[in-house]
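K.L.:
Below: sequence and its predicted model.
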Amino acid sequence: MVTLGELVMILDLARQGLSVSAIARRTGRDRKTIRKYVERGLEPPVYKPREPGPSLLGPYEAFLRERVERFPELTGRRLWREVRELGFTGGYSS
């Protein structure tokens with residue numbers, strides 16, 4: 001990843017007509033990196049949202065909801081101990 005200053009310098013050198021290889025030699029960066037930033041210009045990268053992963057608590061959700069409905073005063077620590085006895089492998093913060 002290049003800094004904003006380096007990006008501006010790379011784009012300026014490309015506008016002056018220097019080749020990708022020449023810019024790479026001057027900046028000490030790989031040619032593929034230079035080519036990527038010249039093609040992209042000043043546009044910020046576009047990232048796709050990540051798909052949520054499987055929840056460790058998913059199989060225990062019904063149990064936890066039932067316990068909280070029946071006994072609203074139960075603490076998180078107590079519920080964690082109960083699901084651990086059922087086979088939950090996650091940590092308390094889950």
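P.N.:
Alright, I've got the coordinates.
K.L.:
Please count neighbours and contacts with C-alpha atoms only from this point.
P.N.:
Fine.
K.L.:
tell me the secondary structure for the residue most central in space within the chain?
P.N.:
Closest residue to the average C-alpha location of the chain: Arg50 at 7.7 Å, with CA atoms, centre = their mean. Arg50 falls in the coil class when you classify it by DSSP: H, G, I helix; E, B strand; the rest coil.
K.L.:
Contact partners for it?
P.N.:
With contact taken as CA atoms under 8 Å, 6 or more residues apart in numbering, Arg50 is in contact with no other residue.
K.L.:
Can you read off the backbone torsions of it?
P.N.:
When quoted as degrees, to the nearest 10, the phi and psi of Arg50 stand at phi -80, psi 150.
K.L.:
That one and Arg15, how far apart?
P.N.:
Summarising the geometry, the distance separating Arg50 from Arg15, computed by CA to CA, to the nearest Å, is 36 Å.
K.L.:
and what of Glu43?
P.N.:
Taking CA to CA as the measure, Glu43 and Arg15 are separated by 16 Å.
K.L.:
Equivalent analysis for Tyr60, please.
P.N.:
Distance, Tyr60 to Arg15, using CA to CA: 59 Å.
K.L.:
between those two, who's got more neighbours?
P.N.:
Set side by side, Tyr60 and Arg15 show more neighbours around Tyr60, with 15 against 11, by other CA atoms under 10 Å.
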